[in-house]
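Undergrad: Give me coordinates for this.
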Amino acid sequence: MADARLDELRPLQRPRDIAAEDGRGQAELAVVGDADRFFVARLYTVAGMNHCSGGPTADQFDMLTPMIAWVEQGKVPDSVTATARDASNEFPNSEVPADWGAGRTRPLCPYPKVVRYKGGDVNSAASFTCG
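TA: Prediction:
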């Protein structure tokens, strides 16, 4: 996240606050991103994104569909695919570099995991993993 006005890790405090309020305490709160002991939330940071959108990044993604699948079917999202709004997009992001491939995608990883390049097409989310 490229927003200098906000601490991107601040949302992690809220689950700890909830745990303390309901008597579970921080000792029982799993690290956000631990699928086996996940508590109430996952934080997906978007590298390079400004406060709500923009920045030189893949800033278009659907969090609602994976969230519904998580709540209704228990399918915890390991990552969410984001797409860069290049010049071919209906609403292009002028901060996306011109040399990026059309439709560049990246996985968004649940904190504390980060995106890691594993090889292949640099414009495809399939060439990256969360680790």
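Undergrad: what's the neighbour count on the residue nearest to residue 106 when sequence neighbours are not counted?
TA: What sits nearest to residue 106 in space, not counting adjacent residues and going by Cβ to Cβ, 6 or more residues apart in numbering, is residue 58, at 4.4 Å. (Glycine included, C-beta is placed from N, CA and C.) By the measure other Cβ atoms under 10 Å, the count of residues near residue 58 is 27.
Undergrad: give the contact list for residue 58.
TA: 46, 82-84, 104-106 (Cβ atoms under 8 Å, 6 or more residues apart in numbering).
Undergrad: what's the answer for residue 116, then?
TA: Counting by Cβ under 8 Å, 6+ apart, residue 116 has contacts 128-131.
Undergrad: ok, 10 Å please
TA: 107, 109, 128-131 (Cβ atoms under 10 Å, 6 or more residues apart in numbering).
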